[in-house]
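Peer 1: sequence first, then the predicted structure:
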Amino acid sequence: MTDAPIYYHEYLLRSGVALNAASVRRVFAGALICVNGGYGCVHPWPEFGDAPVEEQLRLLSEGVTTPVTAMALRCAELDGEARRAGVSLFEGLEIPRSHYSWSFATDTEAQMERVLAEGWPAIKAKGFANYGETTRFLEGCAKRFETQGVRLRVDFNGVLDRLTFGKFIEFMPLRVYRALDFVEDPFPYNAEAWEAVRQKWGVKLALDKGWKDGTQGFDAVVVKPARRDWRTVAETHPQQPLVLTSAMDHAFGQMFAAYEAAVALSEGQALDFCGLCTEHLFEKDEFFERVTSHGGCLSADRSGGGLGFGDVLEGLPWRRL
């Protein structure tokens, strides 16, 4: 915890639809923080057990950190050092390639055309508790992307149970099954149950929630650098590749995830296609307008050094915590 004064700016992000199966919200509250001239992003997800942003900031003002604010402070420290040196944190680094995060608020055909025209390697969509709806969507994608070899990923956020997930796989069209890359958090993690369905159905599973206790039954581990240090996850699961993703948060938090993914790549960490390209899921603002992705390659903003957005950040109304 720092002794320097902390300043904050609260924000609201808006999406066209709910962003995952565990949430119905379309407005997302968070805050940017500024410490010693460096910036960080506090973007909690109460659906997954986080305290709301007001509580996060209150605790921070009392010197108490949470996983979310601890990583925001780490981000601010790194960002501040780079800004004072006048360099971008992305200098000499390569941001690893990402899958396309599907938006159910945007025209389907337009997104399919974009994925094909730009050559995205994979798409990832949220799965619904009504798995038939998910199956129909994936079948449409499999038909359209079949000749291009675009892989299909789906995240259920644990809303299914083991029996329902079995039905989802059993009645899946063959072309979808062949194009399926992995299913993330199909139902709440249980080592024996996950390993059993993985073996029975021959599908790859990705673990996000429950990674601390994960022992078997998964082929990749999903990590959000805004919430935890990927190095800790890599040490816990040295045999599985990591899928580093944004926390579907502010553009500044998105850049921090991209930076950590680039560092992981530079250090030789085994990575699967990441999930860093999420700017199109939200209404445009003066931050998101500077973020672009083409074919899975995220372009970093470099203005002002650090993680970028220098003039925009300086123009925000900041309040002392």
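Peer 2: Received it, and whenever you're ready, just let me know what you need. Residues are numbered from 1 along each chain as shown.

Peer 1: tell me where the stretch 51-200 of the chain has strands.
Peer 2: Per DSSP state E, counting those that start in this stretch, the stretch 51-200 of the chain carries strands over the ranges 100-101, 122-126, 151-155, 180-184.

Peer 1: let me have those strands in TSV, extended by mean neighbour count, distance to residue 200 and mean pLDDT.
Peer 2: The C-beta positions use only the backbone N, C-alpha and C, and glycine is treated the same way. As requested, the strands of the stretch 51-200 of the chain are exported to TSV (neighbours: other C-beta atoms under 10 Å; distance: least, C-beta to C-beta, whole Å; pLDDT from 0 to 100):
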stretch	mean neighbour count	distance to residue 200	mean pLDDT
strand 100-101	24	29	96
strand 122-126	22	23	96
strand 151-155	24	18	97
strand 180-184	23	13	97
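
Peer 1: so can I have CSV of those strands showing distance to residue 304?
Peer 2: What follows is those, written out as CSV (distance: least, C-beta to C-beta, whole Å):
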stretch, distance to residue 304
strand 100-101, 27
strand 122-126, 31
strand 151-155, 34
strand 180-184, 35
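
Peer 1: looking at those strands, which is nearest to residue 319?
Peer 2: Nearest to residue 319, of all the strands of the stretch 51-200 of the chain, is strand 100-101, at 32.0 Å by C-beta to C-beta.

Peer 1: paired strands for that closest one, with orientation please.
Peer 2: Paired neighbours of strand 100-101 in the sheet (DSSP bridges): strand 122-126 (parallel).

Peer 1: residues in contact with the partner strand?
Peer 2: Contact with strand 122-126 is made by 18-21, 99-102, 104, 115, 134, 137-138, 141, 145, 150-157, 181, 184, 273, 275, 296, as judged by C-beta atoms under 8 Å, 6 or more residues apart in numbering.

Peer 1: same thing with stretch 83-97?
Peer 2: Under C-beta under 8 Å, 6+ apart, the answer for stretch 83-97 is 37-38, 78-79, 82, 121, 244, 258-259, 261-266, 271, 273-274, 276, 295-298, 300, 302, 304-308, 310.

Peer 1: where do the helices sit along the chain?
Peer 2: Under the criterion DSSP state H, the chain carries helices at the ranges 53-61, 67-85, 108-118, 131-145, 162-170, 174-179, 191-201, 230-236, 251-266, 310-314.
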